[in-house]
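*Asks:* Provide a 3D model corresponding to the input given below.
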Amino acid sequence: MLKTELALSHTHSEVTDPKPQTKWQSQSQSQLTSTVILCPLPRKKTEMESFGHEFDVIVVGAGIMGSSTAYQTAKRGHKTLLLEQFDFLHHRGSSHGESRTIRATYPEDYYGPLVLESYKLWLEAQSEIGYNVYFKAEHFDMGHESNKTLQTIVRSCLKNEIGYRLLNREQVEQEYSGRINLPEGWVGVATEHGGVIKPTKAVSMFQTLALQNGAVLRDNMEVVEIKRDEVRGGVWVGVGNNGERFWGKKCVVTVGAWTKKLVKTVGGFELPIQPLETAVCYWRIKEGHEAGFAIGGDFPTFASYGVPYVYGTPSLEYPGLIKVAVHGGYPCDPDKRQWGPGNPLAPLKEWIESTFSGVVDSGGPVATQLCMYSMTPDEDFIIDFIGGEFGKDVVIGGGFSGHGFKLSPVVGRVLADLALSGEAKGVELKHFRTARFQENPQGNVKDYL
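*Replies:* Residues are numbered from 1 along each chain as shown. Sure thing, here's the model as predicted:
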């Protein structure tokens, strides 16, 4: 179509407009040689007016926490943008893999109600998507009878009215038909509140539900700045790789191991979050014993409160293999990872050999997967506003310390509450506020450690 500038290059006598034009209209070649239609150029839209660049909520980071948050805000009818610095469902953070444990037995009594709500929210999301990401199992904690963490778990169960059974060594052997063998002086705590979550599938579920509820999802969009809009309020979120900027009334930052870096850039202060690289190991169940360790039977998810702290799940993702790993890892820079070697295997081999009575091959793992933790000094979450000039316009969710995945539905609900209303309904957040590190650099005091 000929533009206004071209039309103005002709003499006035060459420009004719016999009929008023209200729309762009196609012209034949003969018409164009004798007649030039003078039509105004469309006014260039400002960035605020461009389609897709203005949102109620912008969620930065599309791991499990960000995807759950975007699902929550979109489901409530708010225009939501979810940004991810890498490909969706990538394996460079903390939200990928084949299984995560869900349990309600925490020594910290403030997690119990959150886990119980998460169970309900997992089932609700599953009913909306039409497939399962959560697979039910019982849960079993074990440790020496004098172990303070295990004793505190029992008290926490009592406070939160979570049913449990306290089993001595002989009762454990009978309960699990010899598949779990405890050392002398050890006891176990069994509950019905266990299970396994499929992590990559769960992230995909929340992203799909967010999309179905109208959210916009963009990957390979690394956020490098978040700035306050001094004119309208709200924030501008800038992407480094292509220079795009998005405006949002509110912003939620859920970038996992990159939280410390981004918050330092945006807010000018450092959060005490240390990324760790950790290894998840799968061990072969000896032939003839596979069914006894499989999901769907009576074998539980489990945690062993000793040295090392060992956890694991029934056989699910890889037939004939059981996941057994150590909680912990090596400090790392998420942008310069070593990709190994993982935790020392000797203590874990010894634990497997003695606990599973030789029916799981302790010679070495047959498969290993790497991921990252984002550790706080007290291993409690950070759920708070960034504050300062942003006030309550920017919310942080981070520092999930290797035990947050199970709680992602309720964390997403809480982060959405904070972004949309400035407060979380039915949740006491004092244990998750950043101010706790100003009062004590180690965070929340835990007398059972």
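
*Asks:* any residues touching the helix of greatest length in the chain, and which ones?
*Replies:* Under DSSP state H, the helix in the chain containing the largest number of residues is helix 112-129. Helix 112-129 is contacted from outside by 71, 102-104, 106, 132-134, 156-157, 159-160, 162, 193, 197, 205-206, 208-209, 406-410, 413, 427, using CB atoms under 8 Å, 6 or more residues apart in numbering. C-beta: built from backbone N, CA, C; applies to glycine.

*Asks:* And that helix, how far out from the chain middle?
*Replies:* On the basis of CA atoms, centre = their mean, to the nearest Å, helix 112-129 sits 15 Å off its chain's mean C-alpha point.

*Asks:* partner strands of the helix or strand following that helix, parallel or antiparallel?
*Replies:* Where DSSP states H and E defines the elements, the next helix or strand beyond helix 112-129 is strand 134-135. If you go by DSSP bridges, strand 134-135 pairs up with strand 196-197 (antiparallel).

*Asks:* next structured bit after the partner strand?
*Replies:* For strand 196-197, the succeeding helix or strand toward the C-terminus, using DSSP H and E, is helix 199-212.

*Asks:* buried ones in that next one?
*Replies:* Across helix 199-212, burial judged by 16 or more other CB atoms under 10 Å covers 199-200, 202-211.

*Asks:* Among the contacts of helix 112-129, name the buried ones.
*Replies:* Buried members of the contacts of helix 112-129, counted by 16+ other CB under 10 Å: 71, 102-104, 106, 132-134, 156-157, 160, 162, 193, 197, 205-206, 208-209, 406-410, 413, 427.

*Asks:* one step back: would you mind putting the buried residues of helix 199-212 into a markdown table with pLDDT and distance to L276 alongside?
*Replies:* Output for those, formatted as a markdown table (pLDDT from 0 to 100; distance: CB to CB, whole Å):
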| residue | pLDDT | distance to L276 |
| --- | --- | --- |
| P199 | 98 | 17 |
| T200 | 98 | 20 |
| A202 | 98 | 22 |
| V203 | 98 | 20 |
| S204 | 98 | 25 |
| M205 | 98 | 26 |
| F206 | 98 | 24 |
| Q207 | 98 | 26 |
| T208 | 98 | 30 |
| L209 | 98 | 30 |
| A210 | 98 | 29 |
| L211 | 98 | 32 |
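
*Asks:* Can you lay out these as TSV showing distance to C281?
*Replies:* Listed next are the buried residues of helix 199-212 as TSV, based on distance: CB to CB, whole Å:
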residue	distance to C281
P199	16
T200	18
A202	21
V203	22
S204	25
M205	26
F206	27
Q207	28
T208	30
L209	32
A210	33
L211	34
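
*Asks:* and which of those is nearest to L348?
*Replies:* The shortest gap between L348 and any of these belongs to P199, at 21.3 Å (CB to CB).

*Asks:* The strand ranked longest in the chain pairs with which strands?
*Replies:* Using DSSP state E, we find that the single longest strand of the chain is strand 274-284. Strand 274-284 has the following strand partners under DSSP bridges: strand 321-326 (antiparallel), strand 330-331 (antiparallel), strand 367-375 (antiparallel).
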